[in-house]
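**Q** no FASTA, just this:
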């Protein structure tokens with residue numbers, strides 16, 4: 001069996017709790033949650049499972065696992081954001097997700113900069129914020145622009161890293177970051193603009209879980225570089 005197949009098999013086993021918890025969520029939560037404890041727990045379980053994956057796939061509190069540490073913290077704050085949104089504390093949930101994006105940005109790094117990618121993202125996001133501003137209250141009018149900058153920056157840094165490294169994990173992570181933006185855009189469209197999207201919750205949660213899955217999986221190659229023995 002090739003090394004790539006062995007690697008994929010090993011990761012899939014460690015990700016089994018995530019796949020099972022996603023199936024459990026979509027099987028049992030059939031309508032929009034109304035702040036119930038059980039739907040909150042089920043919503044958070046897949047993110048808890050991804051945090052567990054980051055820990056068991058190889059993890060240590062040293063510089064070799066810096067990216068894993070930051071993404072783990074991002075998942076922790078994402079889980080908090082999920083819980084807060086599910087009990088209708090939207091501003092606090094947005095803050096928690098904003099902190100998560102700061103950790104993801106730090107994990108992806110700032111080199112190479114690829115400033116043109118960032119510019120291409122900030123322009124449409126700025127237009128979107130200006131468009132929805134009239135629908136926001138006195139709290140969200142401050143929070144939404146800040147959050148949009150953070151999530152756009154997160155996407156920018158993941159794209160820059162994918163363009164630089166060009167590996168499956170970095171490219172898939174960038175796809176996940178893009179899906180994260182799409183998921184939040186769907187929330188904005190339904191919440192602020194009252195657009196009746198068909199199956200809105202399904203669209204939002206499917207894109208969200210795939211996004212977090214891709215970001216967590218990007219830590220699979222994190223750790224110390226393998227040491228090769230010299231052959232005589």
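**A** Arrived safely. Keep in mind the model is a prediction, meaning the values are calculated, not measured. Numbers count the residues shown, from 1 in each chain.

**Q** Just give the number of residues close to residue 96.
**A** 20 (other C-beta atoms under 10 Å). Quick note: C-beta positions are derived from backbone N, CA and C, even for glycine.

**Q** Identify the residue spatially nearest to it, adjacent ones excluded.
**A** residue 81 (3.7 Å; C-beta to C-beta, 6 or more residues apart in numbering).

**Q** What of residue 31?
**A** The shortest distance from residue 31 to any non-neighbouring residue, by C-beta to C-beta, 6+ apart, is to residue 201 (8.0 Å).

**Q** returning to that earlier point: so the residue nearest to residue 96 touches residue 89, yeah?
**A** No - using C-beta atoms under 8 Å, residue 81 is not in contact with residue 89; the gap is 9.7 Å.

**Q** out of those two, which sits in the busier spot?
**A** Using other C-beta under 10 Å, the more surrounded residue of residue 81 and residue 89 is residue 81, with 24 against 15.

**Q** can you tell me which helix or strand the more buried one belongs to?
**A** Secondary structure assignment for residue 81, by DSSP states H and E: helix 66-86.

**Q** Show me the contact partners of whichever helix or strand comes after that helix.
**A** Next along the chain after helix 66-86, taking DSSP H and E as the criterion, comes helix 90-108. The contact list for helix 90-108, computed with C-beta atoms under 8 Å, 6 or more residues apart in numbering, reads 66-67, 70-71, 73-78, 80-85, 139-140, 143-144, 146-147, 150-151, 153-154, 157-158, 160-161, 173, 177, 191, 215.

**Q** tally of neighbours for the residue nearest to residue 31?
**A** Residue 201 is flanked by 17 other residues according to other C-beta under 10 Å.

**Q** Now do the helix or strand hosting it: everything it contacts.
**A** Here residue 201 sits within helix 200-217, counting by DSSP H and E. Here helix 200-217 makes contact (C-beta under 8 Å, 6+ apart) with 11, 15, 18, 22, 25-26, 31-32, 43, 46-47, 50-51, 53-54, 71, 74-75, 78, 104, 158, 169, 172-173, 175-180, 182-183, 186-187, 190, 197.

**Q** try 6 Å
**A** 22, 32, 46, 50, 53-54, 172-173, 175-176, 179-180, 182-183, 186-187, 190 (C-beta atoms under 6 Å, 6 or more residues apart in numbering).

**Q** Perfect, that will be all.
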